[in-house]
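**Q** Let's see this in three dimensions:
(one chain, ligands or ions: 2)
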Amino acid sequence: MTLVAGIDSSTQSVKVLVVDAESGAVVRQGRAAHPDGTEVAPSAWWTALGEAMESAGGLDDVAAVSVGGQQHGMVALDASGAVIRDALLWNDTRSAPAASDLTEELGGPQAWVDAVGSVPVASLTATKLRWLADAEPDHAAAVAAVALPHDWLTWQLAGAPGIEALVTDRSDASGTAYFDAVGNAYRRDLLGLALRRDAADVVLPRVLGPAESGLAMATSGAPLGPGCGDNAGAALGLGLTPGETSLSLGTSGVVAVVSTTPVADASGAINGFADATGEYLPLACTLNAAQVFDVFARLLGVDHRALGELALSAEPGAGGLVLLPLFNGERTPNLPDATASLRHMTMANSTRANLARAAFEGVLGHMAYALDAVRSFGVAVERVSLVGGAAKSAAIRQLAPSILGVEVVVPPDGEYVALGAAKQAAWVASGAAEVPVWPLAGVETLAGDDTPFIRQRFAEALAEAEGV
Ligand SMILES: Nc1ncnc2c1ncn2[C@@H]1O[C@H](COP(=O)(O)OP(=O)(O)O)[C@@H](O)[C@H]1O
Ligand SMILES: O=C(CO)[C@@H](O)[C@H](O)COP(=O)(O)O
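**A** Ligands and ions are numbered 1, 2, ... in the order given. Down below sits the predicted model:
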């Protein structure tokens, strides 16, 4: 049996899957936690990856390895390849003013979507580099290379062979705001704009083809795949084809659709990213998803299962409560300074069950808003494939079809980003022209009575928060 490995270095943890390259069956797996916070030393990812690989039984026997990871994080390296400062993650909002400045300096949102498919928001790498240039000019001056989390880990697995050897893929490069996924080229002028200097000499990872290998494992010599952004990894793991949509509830809430054509959304709600096969992956991403359940479970003194049971014991509509779950500020819509609020509390409706229900309706109502943003580009979304940590929740599975108003396809419990990375590794190992097809056994399709009033109330509350 030929084995391959897929890695998902996500916001909260790293997952490693060792998989049969023929069937996609998971043979061994491991995981390890990442530190909390939106500013993290990349060495912590490397340590966690070492632990996860060890708990997966090591990778010495695999034919190829590929790394998927959280998108956008700024890993700034000096000429020796040393990390200059802790990475700013995708959910760090300190670069929101830099995002506004950059947007204006290029001539507004339309100029950015024409150039790179996305309007700058604090999540995107270019805005973090501008923040660095303004807040830490000495660090900015030392930048000799910029990598993303998955690029940096791929390079570490290869033994960190000098910054010129860095590689990436089109899906993650498309989230930097200095890569044009339509022209398949870096926009060094935009990198320079972000860094406030001529960036001709800054090393950017070479963008590999979907099944191309640029580096090999330092330990075993097995080829390393190009890797991918985590949302592109999930699409690959799910085997989504053009027109099909995923809904991920991890730290981020993401609606992503595989598309053969790019989307240019000057409103900024949709990012015009690329997928991991050569197509596009327009997506809407929020900063507040699974952690909202963590907060409410803690507040109510219960575990996730009991939180779900409490929510299901309440009536649809949570007795009138509406949660705007903008705990971490928000990216979609772009409200980086927003905070969460619970509206319409009365003595009568302030019950534990209604509070739990409001958490689920708030997160799923927000995802319905994201679905509408995708639909506004002519994508007919009637079905979503549900992945991410909160997809394990029985209450999410039960409530999602009614609140979203679509069918919800639930694949077997698994780590779909890591599976997508493993599929990419299998593609690299096989040298085949087409990506492997790994059928998913035991997919459930869930439907429910539509409850449009929940979406409506949520959309009204969000519009109020936006001041529209
Ligand atoms: N049964 C559950 N119900 C709700 N949330 C859950 C459940 N199980 C895990 N989670 C949450 O899922 C999140 C982790 O999901 P994951 O997709 O791995 O995140 P990330 O990719 O951002 O690291 C955590 O916030 C965790 O508490
Ligand atoms: O910023 C985005 C997508 O644009 C996020 O989806 C990150 O890629 C982090 O993902 P998770 O760790 O929450 O899965």
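
**Q** contacts and neighbour counts: CA atoms only from here.
**A** Will do.

**Q** What residues does the protein have near ligand 1?
**A** 10-13, 250-252, 290-291, 293-294, 304-305, 388-390, 392-393 (C-alpha under 6 Å from any ligand atom).

**Q** Try it again at 8 Å.
**A** 8-14, 70, 230, 248-252, 289-294, 304-305, 308, 387-396 (C-alpha under 8 Å from any ligand atom).

**Q** Please list the members of those residues that lie in helices.
**A** Using DSSP state H, the subset of the residues of the chain next to ligand 1 located in helices is 230, 290-294, 304-305, 308, 394-396.

**Q** Just name the closest of those residues to T176, please.
**A** T176 has its nearest neighbour among those in D230, at 13.9 Å by C-alpha to C-alpha.

**Q** Could you report the separation of the closest one from P336?
**A** As judged by C-alpha to C-alpha, to the nearest Å, D230 and P336 stand 22 Å apart.

**Q** quick one: buried residues of the helix or strand hosting L190?
**A** If you go by DSSP states H and E, L190 is part of helix 188-195. Buried residues in helix 188-195, defined by neighbour count with 16 or more other C-alpha atoms under 10 Å: 188, 190-195.

**Q** Flag every residue of the protein that's near ligand 2.
**A** Contacts of the chain with ligand 2, taken as C-alpha under 8 Å from any ligand atom, map to 9-12, 69-72, 90-91, 123-124, 175, 229-231, 248-254, 271, 283-287, 388.

**Q** if we go to 5 Å?
**A** When proximity is defined by C-alpha under 5 Å from any ligand atom, the chain lies next to ligand 2 at 10-11, 70-71, 250-252.

**Q** Next, format those residues as TSV and append distance to A425, neighbour count and pLDDT.
**A** TSV is the format used below for the residues of the chain next to ligand 2 (distance: C-alpha to C-alpha, whole Å; neighbours: other C-alpha atoms under 10 Å; pLDDT from 0 to 100):
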residue	distance to A425	neighbour count	pLDDT
S10	18	23	98
T11	22	25	98
Q70	18	24	98
Q71	19	29	98
G250	23	20	98
T251	25	21	98
S252	25	20	98
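
**Q** Now for those: which two are most distant?
**A** Q71 and G250 (13.0 Å).

**Q** Between D230 and P336, which is the more surrounded one?
**A** D230 (29 against 23; other C-alpha atoms under 10 Å).

**Q** quick one: stretch 253-273 to chain centroid distance?
**A** Computed by C-alpha atoms, centre = their mean, to the nearest Å, the chain-centroid distance of stretch 253-273 equals 13 Å.

**Q** Now do the buried residues in that stretch.
**A** 253-259, 262-266, 268-273.

**Q** Stretch 105-121 now?
**A** 108-113, 115-121.

**Q** Stretch 156-167 too?
**A** So, applying 16+ other C-alpha under 10 Å, buried residues of stretch 156-167: 156-158, 160, 163, 166-167.

**Q** Off-centre distance for that stretch?
**A** 24 Å.

**Q** what's the average pLDDT for it?
**A** Taken as a whole, stretch 156-167 carries a mean pLDDT of 98.

**Q** can you tell me the distance between the two ends of that stretch?
**A** End-to-end for stretch 156-167, by C-alpha to C-alpha: 11 Å.

**Q** what does stretch 129-142 give?
**A** 12 Å.

**Q** what about the strands in the stretch 101-250 of the chain?
**A** 145-147, 167-169, 179-180, 185-186, 206-208, 215-216, 223-224, 228-229, 245-249 (DSSP state E, counting those that start in this stretch).

**Q** In the stretch 251-400 of the chain, which residue sits nearest ligand 1?
**A** G389 (3.2 Å; C-alpha to the nearest ligand atom).

**Q** confidence score at that residue?
**A** With respect to pLDDT, G389 has a value of 97.

**Q** same thing with V27?
**A** In this prediction V27 is given a pLDDT of 98.

**Q** Please report phi then psi for it.
**A** phi -100, psi -40 (degrees, to the nearest 10).

**Q** got the contact list for the residue of the stretch 101-250 of the chain found nearest ligand 1?
**A** As assessed by C-alpha to the nearest ligand atom, ligand 1 sits closest to G250 within the stretch 101-250 of the chain, at 3.5 Å. Shown in contact with G250 (C-alpha atoms under 8 Å, 6 or more residues apart in numbering): 289-291, 388-390.

**Q** mind running it again at 6 Å?
**A** 290, 388-389 (C-alpha atoms under 6 Å, 6 or more residues apart in numbering).

**Q** Now for these, which sits with the most neighbours around it?
**A** In the contacts of G250, the most neighbours by other C-alpha under 10 Å go to G388, 22 neighbours.

**Q** Hmm, that one is touching L247, no?
**A** No: in this structure G388 lies outside contact range of L247 using C-alpha atoms under 6 Å: 8.2 Å.

**Q** what's in contact with stretch 158-173?
**A** Contacts of stretch 158-173 (C-alpha under 6 Å, 6+ apart): 81, 151, 179, 205-208, 216-218, 226, 228-229, 274-276.

**Q** Can you tell me which of the residues you listed is nearest S95?
**A** Among those, and counting by C-alpha to C-alpha, the member closest to S95 is F179, at 18.8 Å.

**Q** ok, longest helix in the protein?
**A** Max-length helix for the chain by DSSP H is helix 352-375.

**Q** So which elements touch it?
**A** helix 304-313, strand 322-324 (3 or more C-alpha pairs under 6 Å, 6 or more residues apart in numbering; DSSP states H and E).

**Q** quick one: average pLDDT of it?
**A** 97.

**Q** May I see the buried residues of it?
**A** Of the residues in helix 352-375, those buried (16+ other C-alpha under 10 Å) are 352-374.

**Q** same question, stretch 384-397
**A** Under 16+ other C-alpha under 10 Å, the buried positions of stretch 384-397 are 384-392, 395-397.

**Q** Kindly report the same for stretch 419-433.
**A** Residues of stretch 419-433 classed as buried: 419-430 (neighbour count, 16+ other C-alpha under 10 Å).

**Q** which other residues reach it?
**A** Contacts of stretch 419-433 (C-alpha under 6 Å, 6+ apart): 4-6, 21, 64-68, 211, 225, 233-234, 236-237, 435.

**Q** In the residues you listed, find the pair that's most separated.
**A** Spatial extent of those (C-alpha to C-alpha) is set by the pair A64 and A234 at 18.6 Å.

**Q** Does G378 lie in a helix or a strand, and which?
**A** Using DSSP H and E, no helix or strand contains G378.

**Q** For it, grab phi and psi.
**A** Dihedral angles (degrees, to the nearest 10) for G378: phi 80, psi 10.

**Q** Model confidence for it, exactly?
**A** Per the predicted model, pLDDT is 87 at G378.

**Q** Tell me the spacing between it and T260.
**A** Counting by C-alpha to C-alpha, the gap from G378 to T260 is 13 Å.

**Q** Repeat that for D78.
**A** 37 Å.

**Q** what does G225 give?
**A** G225 is 23 Å from T260, where distance means C-alpha to C-alpha.

**Q** can you check L190 too?
**A** 26 Å.

**Q** got it, and L59?
**A** L59 is 35 Å from T260, by C-alpha to C-alpha.

**Q** what residues are up against the closest residue to S213 other than its chain neighbours?
**A** Counting by C-alpha to C-alpha, 6 or more residues apart in numbering, G225 is the residue found nearest to S213 once chain neighbours are left out, at 4.8 Å. Residues near G225 by C-alpha under 6 Å, 6+ apart: 66, 213, 425.
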